[in-house]
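J.: Sequence and predicted structure, then a few things I'm wondering about:
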Amino acid sequence: MSEKRTEHFPKAYDNEEFLHGPHARTLRILAEYLEPQMRLRQHKIRGTIVFFGSARALPPEEMEPEIERLKLNMATAELTAASEIEQQIRRTQRMTHYYEDAAKLSSLLTKHYMQQHDARDRLVVCSGAGPGIMEAANRGAAEAGGKTLGLGISLPFEQGANRWTDPKLTFEFHYFFMRKYWFMYLSRALVVFPGGFGTFDELFEVLTLLQTHKVRRRLPVVLYGSEYWSRVLNMEAMVDWGVISAPDVNLPHRSDTPEDAFNYLISEIHNFGEAETVEAAAE
């Protein structure tokens, strides 16, 4: 008579080889929906103001040593190289200025929403959890004493979340489209600082959703930094070519000071909230 088998075999949900393999992709996608949903509900996060922008903007405390290093290189460089270094110094200073403005705007918004009596009206600042403008947004909110979200993405050349994000409200996604979903699902406004391909990808995703009315709620969009956006984004030319309509040019609002951006956002979000209340009462 054969002996009874006593060994235990792993359950499917404990099988790491399966969970990390191609057959469980749907489960991983679902996990990036359900796990953030659980944590956000636990912390009563009902709405966000999302900041996008370059990861290459240095904070002030890092700018000065970087400029000193560049100046030392310029002193021994040939004329052409010295000119390039001088341009790099100007670029560094400009981007640090935007870092400071992002932190200030984030602080203004955080302080404003912390004072709201109804918890449903308390929006929190959200970023992509990385360095640069993302760090500035989280930093401004954290230094103001408020909650702040970080929706990160695992990339081979970036080092995790910045130090200003709350570990309880920091997420690292594998799938870009799930990260974008959470950016959009909770957002009540969007602020876009100067940035590169990633920033443009996120900006045009939002503008497309607004243009096609896939996002039906009012979602104010601020393009911060007219000097930058007027050079890299010529929407009037797109109208001339007939690829967008004239009203599409007005989808984003342009700002050059934290105070102007703050006043615009508060006004737009407040007006939208009132309109939503009236519409709900009429149904």
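T.: Nice, I can see it. Numbers count the residues shown, from 1 in each chain.
J.: Could I get the full set of helices for this structure?
T.: Listed in chain order, the helices of the chain (DSSP state H) span 16-19, 25-42, 60-75, 79-114, 133-143, 176-186, 197-211, 226-232, 235-240, 258-282.
J.: next one: the second one to chain centre, how far?
T.: For helix 25-42, the distance from its own C-alpha centre to the chain's C-alpha centre is 19 Å (CA atoms, centre = their mean, to the nearest Å).
J.: Now do the buried residues in that helix.
T.: 32, 36, 40 (16 or more other CB atoms under 10 Å). Every C-beta, even on glycine, is put in place using the N, C-alpha and C of the backbone.
J.: Check which helices and strands it sits against.
T.: strand 170-173, helix 176-186 (3 or more CB pairs under 8 Å, 6 or more residues apart in numbering; DSSP states H and E).
J.: can you list these in a markdown table and add mean pLDDT?
T.: As requested, the helices and strands packed on helix 25-42 are exported to a markdown table (pLDDT from 0 to 100):
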| stretch | mean pLDDT |
| --- | --- |
| strand 170-173 | 96 |
| helix 176-186 | 95 |
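J.: of all these, which lies closest to Leu233?
T.: Of all these, helix 176-186 sits nearest to Leu233, with 19.7 Å by CB to CB.
J.: In PDB, list the C-alpha atoms belonging to that closest one.
T.: Extracted as PDB, the C-alpha positions of helix 176-186 are listed here (Å, rounded to 0.1, in the frame of the first residue of the first chain):
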ATOM      1  CA  PHE A 176       2.500  53.900 -17.400                       C
ATOM      2  CA  PHE A 177      -1.200  53.800 -18.300                       C
ATOM      3  CA  MET A 178      -2.200  52.800 -14.800                       C
ATOM      4  CA  ARG A 179      -0.200  55.700 -13.400                       C
ATOM      5  CA  LYS A 180      -1.900  58.000 -15.800                       C
ATOM      6  CA  TYR A 181      -5.200  56.700 -14.800                       C
ATOM      7  CA  TRP A 182      -4.600  57.600 -11.200                       C
ATOM      8  CA  PHE A 183      -3.300  61.100 -12.200                       C
ATOM      9  CA  MET A 184      -6.500  61.800 -14.100                       C
ATOM     10  CA  TYR A 185      -9.100  60.000 -11.900                       C
ATOM     11  CA  LEU A 186      -8.400  62.100  -8.800                       C
END
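J.: So which residues make contact with it?
T.: 29, 32-33, 36, 40, 45-48, 50, 126, 128, 151-153, 171, 173, 202, 205-206, 209, 215 (CB atoms under 8 Å, 6 or more residues apart in numbering).
J.: Now which of these would you call buried?
T.: By neighbour count, with 16+ other CB under 10 Å, those hold 32, 36, 40, 45, 47-48, 50, 126, 128, 151-153, 171, 173, 202, 206 as buried.
J.: quick one: which of the residues you listed is nearest Lys71?
T.: Nearest member of the buried ones among the contacts of helix 176-186 to Lys71, counting by CB to CB, is Gly128, at 31.5 Å.
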